[in-house]
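**Student:** this is a predicted model, with the sequence first.
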Amino acid sequence: MSPDHRRADRVAEGIREVVARFLTEGVKDPRVVGLVTVTGVEVTRDLRHARVYVTVLGDEAAHRSTLEGLASLAGHLRPLVARSLRLRLAPEIEFRRDETAQHATRIESLLARLRDDRPPAEAPPADADADD
């Protein structure tokens, strides 16, 4: 692993911690509704851009509203991230919805449908285990 890659990973983890702390200390933007969880952060190798993945407890309207609110807070978070991580330049922060859980649920649903549509496995013949 290259030193640039390790540094990007450390910065990503630092951003995740700073943003999560910021969100738990009470965001004042009324658009940020429900419980918001930071699930991951991806940072470009040059540290200029960061994608912060979040999940929101609530319906689709809560997701949209929260992402709008977080997008407007991104500019406020940059100097906070720079100070906390002692970076000369903080990356541009972009919030994205983490859809991993939705994908997992969909895959599980598809697998369940396949299992339900499949004919039951045939039992081995009763005399197959008998010794001659």
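**Tutor:** Everything's here; your move. In this text, all values refer to a predicted model and were calculated from it rather than measured experimentally. Numbers count the residues shown, from 1 in each chain.
**Student:** so what touches the helix or strand of the chain with the lowest mean pLDDT?
**Tutor:** The helix or strand of the chain with the poorest confidence is helix 100-117; it has a mean of 80 (mean pLDDT, DSSP states H and E). The contact list for helix 100-117, computed with CB atoms under 8 Å, 6 or more residues apart in numbering, reads Thr39, Thr55. C-beta here means a position set from N, CA and C on the backbone, and glycine is covered the same way.
**Student:** quick one: low-confidence parts of the chain?
**Tutor:** 1-2, 4, 26, 118-132 (pLDDT under 70).
**Student:** please enumerate the helices of it.
**Tutor:** 3-24, 60-85, 100-117 (DSSP state H).
**Student:** on that earlier part again, run the chain-centre distance for the least confident helix or strand of the chain.
**Tutor:** Counting by CA atoms, centre = their mean, to the nearest Å, helix 100-117 is centred 19 Å from the centre of its parent chain.
**Student:** what about the residue nearest to Val81 when sequence neighbours are not counted, distance to Val43?
**Tutor:** Nearest residue to Val81, sequence neighbours excluded (CB to CB, 6 or more residues apart in numbering): Ala90, at 4.5 Å. Noted for Ala90: a distance of 11 Å to Val43, by CB to CB, to the nearest Å.
**Student:** what is in contact with those two at once?
**Tutor:** With CB under 8 Å, 6+ apart, Ala90 and Val43 have no common neighbours.
**Student:** need the helices of the chain in CSV (columns: mean neighbour count and distance to Val54).
**Tutor:** Listed next are the helices of the chain as CSV, based on neighbours: other CB atoms under 10 Å; distance: least, CB to CB, whole Å:
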stretch, mean neighbour count, distance to Val54
helix 3-24, 16, 8
helix 60-85, 16, 7
helix 100-117, 10, 11
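**Student:** make JSON lines from those helices and add distance to Val38 to it.
**Tutor:** As requested, these are exported to JSON lines (distance: least, CB to CB, whole Å):
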{"stretch": "helix 3-24", "distance to Val38": "4"}
{"stretch": "helix 60-85", "distance to Val38": "10"}
{"stretch": "helix 100-117", "distance to Val38": "13"}
